Each structure stands twice: as structure tokens, then as C-alpha cells.
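K.L.:
Only the shape, not the letters, is given here:
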């Protein structure tokens, strides 16, 4: 199982962008945590409600941190953690639980969790623990550099280049370009792009996405062909 890091660190603003999976079956808490991860943390986040879904998503998508609730249907957090570690998952895992006994903590950590947060918790503590996990070296970064039609995207230092010349991209432009490359051949709707880059609760509309795509195309004009394709009535894609 591969684990590609998507962490972006802006040293000037002390801001860390991460791609996070939350597995939490409490609908109210799950909605709140996802909202705060996006709004206050500046991260992108997917949300599932069962242990089985957590394993499926973690196997199919490259996350920087998994947040697993202890008590969930179809495989609890401890089961999901054990399954993922058994299959070779090397990414960071944080366990959420109302169980605060010493043996419970030991069981969670022995299952393969890297950290443990007891409910109820403050969102500031959760964000701090996520930042701490992001600074740890969990696995060698694989696939840190990808090449598409003459464009080289380096996820380690968050740069893009064409024929050896750096292309100046903003953090969100890089995230959007990387999102399209990760989903080569798939037409991404504006809603999906909005959710992954800004968060659905952001005060940003489809026109902002279109404007960013226009800027990206201008910055990538050094390529021999247009990389980002418009899919009428749908959104955008990069052909495989």
C-alpha cells in the first residue's frame, strides 16, 4: 500500500495543509469536525462513518492523517487500524474515543495508532496534534515527482516546472493542479473541486474556479498542448 504525502507547509504563516480522512459515525460531531478542519485548519477532509469505509478510502486515496473514532459500525476504529497496519499502511493514524482508561489507550496504540485523543476535546488541541503528526517521518515519500505532458510536479517542495523552468504557482493553484493530476482521465465537477480546495462552506463560487483554471492555463502555456481540458456542463480534467 502506497502513501504519498500531500503536506504543504508555509513557513511564513506557520500553516500546514493536509489531506485528512475522518471516520466518525456521530453525524453531529462528524459534521462539526469536518467543518472545523476545513474552516479553521485550512485542510481538505473526507468523512466516512464505518470502519470498513475507512479502510476502503485509505487504500484508494493518499491521506496525510487518518482520524478514526473508536466505536463505529462495520468494524470499529481499533479493527480498522489493525487492518490497515496489517496491509502495510504507513501513514499517520489518530484515534478518537470516549474511552480514557489506561488499558484502552494501550490497546489503541498497540493496534497501530500514532496518537490518541479523548472526547470531548477542543478543536485547537485536535489541530495541534495533527500538526505534530505531520512533522513526524512516517514513511519514505514515494512518487514525490510526477510528469505529465512535459510538466514536472514535485510534491516534496511544492514546485512545478516546464523544460527546467519553474512555474510560479500559489498554494491553491498547486493544490488544484495536483488534484487534477491525481485524478487523470476523470472529469472533476466544480463542486468536487470547490470541496477539495476551498471547502463547501467557503464563500467561493464556481466563477472563482473558472478564473483559477484560466490563470493555470496561462502559466502552463509553455507546454506543447493544453493540459487542462474543459468538460462542458461538468468541470475539468487532465487526460491520462
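P.N.:
On my side now, so go ahead. Values in this document were obtained by computation on a predicted structure and should not be read as measured data. Residues are numbered from 1 along each chain as shown.

K.L.:
Counting by contacts, list what the helix or strand hosting residue 117 packs against.
P.N.:
Using DSSP states H and E, residue 117 sits in strand 115-118. Counting contacts by 3 or more Cβ pairs under 8 Å, 6 or more residues apart in numbering; DSSP states H and E, strand 115-118 is packed against strand 92-97, helix 102-110, helix 123-134. (Each C-beta comes from the backbone N, C-alpha and C, glycine too.)

K.L.:
Which strands border that strand, and is each parallel or antiparallel?
P.N.:
Under the criterion DSSP bridges, strand 115-118 sits next to strand 92-97 (parallel) in its sheet.

K.L.:
What average pLDDT does the partner strand get?
P.N.:
Here strand 92-97 scores 90 as its mean pLDDT.

K.L.:
Stretch 183-190 too?
P.N.:
pLDDT averaged over stretch 183-190 gives 87.

K.L.:
what distance separates it from the middle of the whole chain?
P.N.:
16 Å (Cα atoms, centre = their mean, to the nearest Å).

K.L.:
which regions of this structure sit below the pLDDT cut-off?
P.N.:
1-16, 135-143, 199-202, 240 (pLDDT under 70).

K.L.:
in it, which spans are strands?
P.N.:
8-10, 15-17, 19-23, 44-48, 65-69, 92-97, 115-118, 145-148, 151-154, 159-162, 165-167, 188-189, 228-231, 235-238 (DSSP state E).

K.L.:
out of those, deepest packed?
P.N.:
Of these, the one with the most neighbours on average (mean count of other Cβ atoms under 10 Å) is strand 65-69, at a mean of 27.

K.L.:
Give me the angle between it and strand 44-48.
P.N.:
30 degrees (axes from the mean of the first three to the mean of the last three Cα atoms, to 10 degrees).

K.L.:
In JSON lines: the strands of the chain, plus distance to residue 105.
P.N.:
Output for those, formatted as JSON lines (distance: least, Cβ to Cβ, whole Å):
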{"stretch": "strand 8-10", "distance to residue 105": "29"}
{"stretch": "strand 15-17", "distance to residue 105": "26"}
{"stretch": "strand 19-23", "distance to residue 105": "19"}
{"stretch": "strand 44-48", "distance to residue 105": "24"}
{"stretch": "strand 65-69", "distance to residue 105": "14"}
{"stretch": "strand 92-97", "distance to residue 105": "9"}
{"stretch": "strand 115-118", "distance to residue 105": "5"}
{"stretch": "strand 145-148", "distance to residue 105": "39"}
{"stretch": "strand 151-154", "distance to residue 105": "39"}
{"stretch": "strand 159-162", "distance to residue 105": "41"}
{"stretch": "strand 165-167", "distance to residue 105": "46"}
{"stretch": "strand 188-189", "distance to residue 105": "40"}
{"stretch": "strand 228-231", "distance to residue 105": "47"}
{"stretch": "strand 235-238", "distance to residue 105": "44"}
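
K.L.:
what about the ones you listed, which gets the closest to residue 198?
P.N.:
Closest approach to residue 198 among the strands of the chain is made by strand 44-48 (9.0 Å; Cβ to Cβ).
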